[in-house]
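Peer 1: Structure for this input, please:
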Amino acid sequence: MIKPPIEELLENSPGRFALVITSARRAKDINSYFNQLGEGIGAYTPPQVQSLSRKPLTVAFEEIASGKVEVSEKE
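Peer 2: From the prediction side, this is the model:
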């Protein structure tokens, strides 16, 4: 089960494709942030929400659902 539900995420996005692209890019940034910890000042933004999940994609979904990350069609 995906939390938050996909239906809730689609309410905050213009379409499925934009949601997939945005969440994948944000999950990659979150993963890179955790990988560079301990190496000094990093270039990646830390997670914007408190999450019990350790999976970057779930954290990205939670950020989108809370409105911390905006989904747009523009690249």
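Peer 1: Name the residues that touch stretch 2-11?
Peer 2: With Cβ atoms under 8 Å, 6 or more residues apart in numbering as the test, stretch 2-11 has contacts from 16, 19, 23, 58, 61-62, 64-65. The C-beta positions use only the backbone N, C-alpha and C, and glycine is treated the same way.
Peer 1: filter those to the buried ones?
Peer 2: Buried members of these, scored by 16 or more other Cβ atoms under 10 Å, are 19, 23, 58, 61-62, 64-65.
Peer 1: so of those residues, which ones are in helices?
Peer 2: Using DSSP state H, the subset of those located in helices is 19, 23, 58, 61-62, 64-65.
Peer 1: for the helix or strand bottoming out on mean pLDDT in the chain, which positions count as buried?
Peer 2: Least confident helix or strand, the chain: helix 6-11 with a mean of 89, by mean pLDDT, DSSP states H and E. For helix 6-11, the buried set under the neighbour-count rule, 16+ other Cβ under 10 Å, comprises residue 9.
Peer 1: Over to stretch 49-63?
Peer 2: By neighbour count with 16+ other Cβ under 10 Å, stretch 49-63 contains the buried residues 49, 51, 56-63.
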